[in-house]
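# Just a sequence and a predicted model for now, questions to come.
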Amino acid sequence: MPFVSEFDRKKFKSVKVLVIGNGLIGSEIAKKMLFENHSVLVFSRNVKKGMSYKQIKGNIFNFDSVKETLGYRDWE
């Protein structure tokens, strides 16, 4: 089942997705969103090697780290 409905898919061809965490759930969401041709950026304390999506190391409890990530421009 796709995350984006057919109606939304026609309206938004591709969106930028920020995933918090790259554990089991976060990495699966990132892979699924990449499969649906969206730009994905994963924000996590642990950066995994060999993943097909961009990752930024940071801590969700550190406001400066989150603010810097939200301003990140190199998603493509």
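The structure has been received and is ready for your questions.

# Regarding the protein, what is its longest helix?
Using DSSP state H, we find that the single longest helix of the chain is helix 24-35.

# in the following helix or strand past that one, what counts as buried?
Counting by DSSP states H and E, the next helix or strand C-terminal to helix 24-35 is strand 39-44. Across strand 39-44, burial judged by 16 or more other C-beta atoms under 10 Å covers 40-44. Where you see a C-beta, it was placed from the backbone N, CA and C, and this is true even at glycine.

# Stretch 58-76 too?
Quick answer for stretch 58-76 (16+ other C-beta under 10 Å): 58, 65-66, 69.

# And for the longest helix of the chain, what's in contact with it?
3, 17, 19-20, 22, 40, 42, 44, 48, 51-53 (C-beta atoms under 8 Å, 6 or more residues apart in numbering).

# Quick one: name whatever helix or strand follows the helix or strand bottoming out on mean pLDDT in the chain.
Ranked by mean pLDDT, DSSP states H and E, the helix or strand of the chain with the weakest confidence is helix 6-11, at a mean of 61. Following helix 6-11 in sequence order, the next helix or strand is strand 16-20 (DSSP H and E).
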